[in-house]
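>>> coords please:
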Amino acid sequence: MEPIAARSIRLTAFDSVKLNLAVMALVAMGIVLVIARLDAPRWAELLTMAAVGVGSGAWIVFRTYRVARKLRAHAFESSIECRSGGDER
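Numbering: from 1, shown residues only. So this is what the prediction gives:
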């Protein structure tokens with residue numbers, strides 16, 4: 001079982017991704033409301049919704065990848081420090 005401190009660091013590292021997800025969900029709901037009020041052709045509405053969905057999804061994947069990469073680098077540095085143990089000759 002991992003220490004509670006390590007688990008809390010991992011969870012707080014993804015707070016920015018959660019915030020981005022919430023913002024993207026609000027933007028998508030706003031776009032849906034705007035599209036519902038517009039009198040555009042069906043293909044334009046679908047294209048707009050698909051663009052917002054793909055763009056939002058790509059942004060969330062990109063942000064999650066960056067945070068995960070930073071956590072992996074941090075874990076790698078921590079494991080190197082822990083393994084050295086101070087008895088280097």
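
>>> Now do the longest helix that the chain contains, average pLDDT.
Longest helix in the chain by number of residues (criterion: DSSP state H): helix 42-84. For helix 42-84, mean pLDDT is 85.

>>> Packing partners of that helix?
helix 4-13, helix 15-37 (3 or more Cβ pairs under 8 Å, 6 or more residues apart in numbering; DSSP states H and E). To be clear about C-beta, it is placed using only N, CA and C from the backbone, and glycine gets the same treatment.

>>> centre of the chain versus it, how much separation?
Once both centres are worked out by Cα atoms, centre = their mean, to the nearest Å, helix 42-84 turns out to sit 5 Å from its chain's centre.

>>> Return the residues in contact with Val52.
Val27, Ala28, Ile31 (Cβ atoms under 8 Å, 6 or more residues apart in numbering).

>>> okay, the last one: pLDDT?
The pLDDT attached to Ile31 in the predicted structure is 93.

>>> so it makes contact with Ala51?
No: the pair formed by Ile31 and Ala51 falls short of the contact definition of Cβ atoms under 8 Å, at 9.2 Å.
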